[in-house]
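*Asks:* give the three-dimensional model of this entry:
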Amino acid sequence: MDIYAAALPGCPRLGAKHMRALMDYFETAEDVWKASAEAVEKSHILTGKTLAAFLAYRNETNLEQIEEKLYRLDIRCSTFEDSDYPPLLSATANPPAVLFYRGALPCFERTIAIVGSRKATAYGIETAHELARGLSAHGITVVSGGARGIDSASHTGAMEGGSPTVVVLACGLDRVYPPENRHLFHQVIESGGTLVSEYPPGTPPLGRQFPARNRIIAGMSRGILVVEAAERSGSLITSDFALEEGRDVFSVPGSIWLPSCKGTNQLIRNGAICCTSADDILSEYGWKEEENKKSEKGFLEQLTLEEELVYRFCCTENEVTSEEILQQSGLSVVKLTMLLLQLQLKGYIREVGSGRYIVTRKD
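*Replies:* Residues are numbered from 1 along each chain as shown. From the prediction side, this is the model:
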């Protein structure tokens with residue numbers, strides 16, 4: 001983990017744009033951290049109070065303490081320049097410079113966000129759950145915000161469908177918000193999913209951070225599905241972010257008598273794609289046809305000799321850890337990490353927790 005990158009979001013007044021600009025200018029987060037005060041000032045990226053805050057923060061911050069805290073909390077990070085950073089999110093107007101995460105980052109090739117009211121009706125809860133389960137059953141990664149109501153139902157349905165789900169939080173990953181979702185978040189990680197945030201540990205869930213969180217939900221997804229939303233709703237803010245980034249917006253029609261459905265019905269009137277089943281989304285992107293073609297082929301992409309070696313170590317009755325493979329294979333950490341990633345991309349194994357893997361298909 002790049003501890004220098006992990007330390008940057010903790011600086012007061014330093015937003016994502018400033019962090020990306022600094023990392024572009026100095027090339028690495030380490031160079032940003034070690035640059036002289038004069039060099040930082042001459043870059044003209046930071047000025048006034050922001051410059052003073054950054055220089056003071058850098059002088060007062062103990063990197064070893066940050067690293068120890070992240071290790072203790074099992075939190076890792078990915079920068080906007082890393083290969084495992086969500087590709088769709090990196091292409092947005094203002095991607096987070098650093099993403100903190102717990103669990104295993106999934107493949108972001110096919111992602112759909114599902115959002116809606118925190119005070120959802122029974123109809124909304126059941127609809128979100130079933131649509132998420134249907135998408136997940138076809139290998140779609142469901143992204144949502146971990147909130148009460150529609151978000152929680154979406155994550156639960158996605159886990160039942162068998163694919164990882166991503167929870168994007170508006171606070172540090174050591175905080176649980178809402179507090180009643182502690183068990184849900186634990187289940188997400190245990191089932192191979194991910195908790196994600198652009199905020200460092202210790203950050204409370206402040207109101208202004210939720211719209212910023214919504215841009216991440218929309219940014220990392222091919223399309224966004226709004227299940228139930230009132231006329232003025234945070235879910236509609238998320239759909240606005242999606243439209244700004246050229247993403248598709250799907251909406252579930254609801255009763256004309258319910259205030260909680262006025263927003264979704266209005267979205268359909270304004271051109272959103274009407275969605276009444278998971279097939280509506282799968283068909284829109286041709287994902288069902290892709291799945292059928294893969295099943296007709298009846299085989300996975302061929303492995304190299306090194307990939308075959310690591311794959312055989314994974315073929316146990318239970319999950320296997322990267323440390324166990326490292327000890328048995330004699331490979332370097334860097335080489336093993338690359339091979340494990342390739343096996344995941346080719347569909348042979350899946351990471352179900354931090355450094356823990358299971359085989360998804362045996363010969």
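*Asks:* show me the shaky parts of the stretch 201-350 of the chain.
*Replies:* For the stretch 201-350 of the chain, applying pLDDT under 70 flags the ranges 290-300, 317.
*Asks:* which residue ranges of it form strands?
*Replies:* Along the stretch 201-350 of the chain, the segments classed as strands by DSSP state E, counting those that start in this stretch run 223-226, 248-251, 273-274, 320-321, 349-353.
*Asks:* same check on the stretch 1-150 of the chain?
*Replies:* Ranges of strands in the stretch 1-150 of the chain, per DSSP E, counting those that start in this stretch, are 76-79, 98-103, 111-115, 141-144.
*Asks:* just say which of these is most tucked in.
*Replies:* Ranked by mean neighbour count under mean count of other CB atoms under 10 Å, those are led by strand 111-115, which reaches a mean of 30. Bear in mind the C-beta positions are built from the backbone N, C-alpha and C, glycine included.
*Asks:* pull up the pairing partners for it, direction included.
*Replies:* Within its sheet, strand 111-115 is paired with strand 141-144 (parallel), strand 223-226 (parallel), according to DSSP bridges.
*Asks:* tell me which residues are up against that strand.
*Replies:* 86, 88, 128, 131-132, 135, 140-145, 150-151, 154, 166, 214, 217-218, 220-227, 229, 234-235, 238-239, 242, 281 (CB atoms under 8 Å, 6 or more residues apart in numbering).
*Asks:* now, these that are in helices?
*Replies:* Among the contacts of strand 111-115, the ones falling in helices (DSSP state H) are 88, 128, 131-132, 135, 150-151, 154, 214, 217-218, 234-235, 238-239, 242, 281.
*Asks:* ok so, going back, make CSV from the strands of the stretch 1-150 of the chain and add mean pLDDT and distance to residue 185 to it.
*Replies:* Converted to CSV, those look like this (pLDDT from 0 to 100; distance: least, CB to CB, whole Å):
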stretch, mean pLDDT, distance to residue 185
strand 76-79, 94, 16
strand 98-103, 95, 8
strand 111-115, 96, 17
strand 141-144, 96, 12
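*Asks:* ok, which of these comes nearest residue 204?
*Replies:* For residue 204, the closest of these is strand 98-103, at 14.9 Å, according to CB to CB.
*Asks:* give me the phi and psi for the closest residue to residue 21 other than its chain neighbours.
*Replies:* Residue nearest to residue 21 in three dimensions, not counting chain neighbours: residue 45, with 4.7 Å by CB to CB, 6 or more residues apart in numbering. Here is the backbone geometry of residue 45 (degrees, to the nearest 10): phi -80, psi -40.
*Asks:* residues of stretch 38-46 that come out buried?
*Replies:* 40, 45, 46 (16 or more other CB atoms under 10 Å).
*Asks:* kindly report the same for stretch 318-325.
*Replies:* Applying 16+ other CB under 10 Å to stretch 318-325 flags 319, 320, 322, 324, 325 as buried.
*Asks:* ok, the second one to residue 237 distance?
*Replies:* Taken as CB to CB, to the nearest Å, the spacing of residue 320 relative to residue 237 amounts to 43 Å.
*Asks:* that older thread, so of the strands of the stretch 201-350 of the chain, which one's packed in deepest?
*Replies:* Among those, strand 223-226 has the highest mean neighbour count (mean count of other CB under 10 Å), at a mean of 27.
*Asks:* which residues sit against that strand?
*Replies:* Strand 223-226 is contacted by residues 112-116, 131, 217-218, 235-236, 238-239, 242, 247-252, 263-264, 267, 272, 275, 281, 284-285 when judged by CB under 8 Å, 6+ apart.
*Asks:* out of those residues, which end up buried?
*Replies:* For those, a burial check counting by 16+ other CB under 10 Å picks out 112-116, 131, 217-218, 235-236, 238-239, 242, 247-252, 263-264, 267, 272, 275, 281, 284.
*Asks:* so who does the residue of the chain most remote from its centre touch?
*Replies:* Within the chain, residue 38 marks the point farthest from the mean C-alpha position, 36.5 Å out by CA atoms, centre = their mean. Contact analysis of residue 38 by CB under 8 Å, 6+ apart lists nothing.
*Asks:* try residue 25
*Replies:* Counting by CB under 8 Å, 6+ apart, residue 25 touches 43, 45.
*Asks:* and it, what pLDDT?
*Replies:* For residue 25, the pLDDT comes out at 96.
*Asks:* same check, this time on residue 352
*Replies:* We have a pLDDT of 78 for residue 352.
*Asks:* that one and residue 158: what is the separation?
*Replies:* Distance, residue 352 to residue 158, by CB to CB: 15 Å.
*Asks:* residue 216: neighbour count?
*Replies:* Residue 216 has 28 neighbours, counted by other CB atoms under 10 Å.
*Asks:* what about residue 36, how many residues nearby?
*Replies:* When neighbours are defined as other CB under 10 Å, residue 36 has 8 of them.
*Asks:* ok, now residue 20?
*Replies:* Counted with other CB under 10 Å, the neighbours of residue 20 add up to 19.
*Asks:* before we move on, what about residue 201?
*Replies:* By other CB under 10 Å, 20 other residues sit near residue 201.
*Asks:* let me see the contact set for the nearest residue to residue 151 once chain neighbours are set aside.
*Replies:* Counting by CB to CB, 6+ apart, residue 151 lies nearest to residue 144, which is 4.3 Å off, once chain neighbours are set aside. Residues in contact with residue 144 (CB under 8 Å, 6+ apart) are 113, 114, 115, 150, 151, 154, 155, 165, 166, 167, 168, 217.
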